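# Have a look at this prediction, sequence included:
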Amino acid sequence: MADEIHAVDQSTPSIARVYDYLLGGKDNYAVDRAIGDRFKDDMPGSVAIAHSNRAALVRAVRDIALNTGIRQFLDLGSGLPTADNVHQVAQRNAPGSRVVYVDNDPIVLAHGRALLEENEDTCVIRADLRDPRRIREHPGTTRLIDFDRPVAVILSAILHHVNDEEDPVGLVEYWRDQVPSGSHFFVSHFRSGNNPETAEAEAVLQKTFGRGRWRTDEEIAGLLPGLEVLEPGVVPTAAWRPDEVAGVPRIGPPDAGLSVWERLIVAAMARKP
């Protein structure tokens, strides 16, 4: 693990580490915190966005584990370990669930391996989302994922880092074609709001990472070709199958009562027919 951490470029910000910082984690460097602080200072709702996205992911994994019979999860662009990781939520609700985490940041690999050292049903591999064949053929993937049985493919807050010319639709199509009927896809994505907040945040991402594409609800739905988008459709993460508070469900349209920041990230679940 020491060699992997030593290989980390501490002079270049990492998407995974900036996200970790916004979530209150400690696996980040000064260069990551500088970017995170710009988000916090210039776009104070960015912390709420990060937490809202993570909470929606937890609800999605729980829902899949409890209600679909799926017992294998492929988390593409997983980021750094936090509380309630995918394997923890899945295995708590469906013991024996198998999880493969994929990220291209070496510190994710190092920390992930340490976290999962004694969990035979989970592994983390270092690979790039844009190289799906390498992920598909990786020994960790082939050991844990049976592609003849339904799979949950997780694309949480990752496709907005894939520019149009890198064919994000083609990436989803690849995995759609690899998995059988009944497989589920969970996607969360920055949503273009045609407002100053969206424009500013997109500009920061492009300047910092050289990538970042905020998309409309229609464009995000278009990232799921050949899949059946399930209820409630493409909606803000805070409104995606929210837990009831004191037994009282949310009333009104999906955006009701949400801040402008909470409207800037959406989620959707889709099923392969």
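Now that the structure is in, tell me what you want to look at.

# now Phe73, what's its secondary structure?
strand (DSSP: H, G, I helix; E, B strand; the rest coil).

# how deep is it tucked in, by neighbour count?
Per other CB atoms under 10 Å, the neighbour tally for Phe73 reads 28. Using the backbone N, CA and C atoms, a C-beta is placed for each residue, glycine as well.

# for it, what are its contacts?
Phe73 makes contact with Val61, Ile64, Val86, His87, Ala90, Ser97, Arg98, Val99, Val100, Val151, Ala152, Ile154, according to CB atoms under 8 Å, 6 or more residues apart in numbering.

# Select from those the one having the most neighbours.
Within the contacts of Phe73, neighbour counts (other CB under 10 Å) peak at Val61, which reaches 30 neighbours.

# Is that residue in contact with Val89, as I believe?
Yes - assessed by CB atoms under 8 Å, Val61 is found in contact with Val89 at 4.3 Å.

# Okay, now the unreliable bits of the chain?
Scanning the chain for pLDDT under 70 picks out the ranges 1-11, 42-46, 81, 197, 201, 205-206, 208-211, 244-257.

# And the strands in it?
72-76, 98-103, 122-126, 152-156, 184-190, 228-229, 235-236, 265-271 (DSSP state E).

# Looking at those, which is nearest to Pro13?
strand 98-103 (15.0 Å; CB to CB).

# ok, and what's touching that closest one?
16, 71-79, 86-87, 90-91, 108-109, 112, 121-127, 129, 135, 140-141, 144-145.

# Can you tell me the strand partners of it and which way each runs?
strand 72-76 (parallel), strand 122-126 (parallel) (DSSP bridges).

# in the sheet, who's paired with the residue nearest to the spatial centre of the chain?
Closest residue to the average C-alpha location of the chain: Ser156 at 1.6 Å, with CA atoms, centre = their mean. Beta bridges link Ser156 to Ser188, judged by DSSP bridges.

# Now for it: which residues touch it?
Asn53, Leu57, Asp75, Gly77, Ser78, Phe186, Val187, Ser188.

# tell me the contacts of the nearest residue to Ile158 once chain neighbours are set aside?
Leaving aside its sequence neighbours, Ile158 sits nearest to Gly77 (CB to CB, 6 or more residues apart in numbering; 3.2 Å). If a contact means CB under 8 Å, 6+ apart, then Gly77 has Val102, Asp103, Leu129, Leu155, Ser156, Ala157, Ile158, His161 as its contacts.

# Nearest approach to Asp32 belongs to which of the strands of the chain?
strand 98-103 (14.6 Å).

# What angle do strand 152-156 and the closest one make with each other?
30 degrees (axes from the mean of the first three to the mean of the last three CA atoms, to 10 degrees).

# Ala83: neighbour count?
10.

# how about the helices in this structure?
Applying DSSP state H to the chain gives helices spanning 2-6, 15-22, 30-42, 46-67, 86-93, 106-115, 132-137, 139-144, 168-178, 196-209, 217-221.

# So for Trp261, which of those sits nearest?
Among these, the nearest to Trp261 by CB to CB is helix 46-67 (5.3 Å).

# now the angle between strand 152-156 and that closest one, please.
For helix 46-67 and strand 152-156, the angle between their directions (the same axes, to 10 degrees) works out to 170 degrees.
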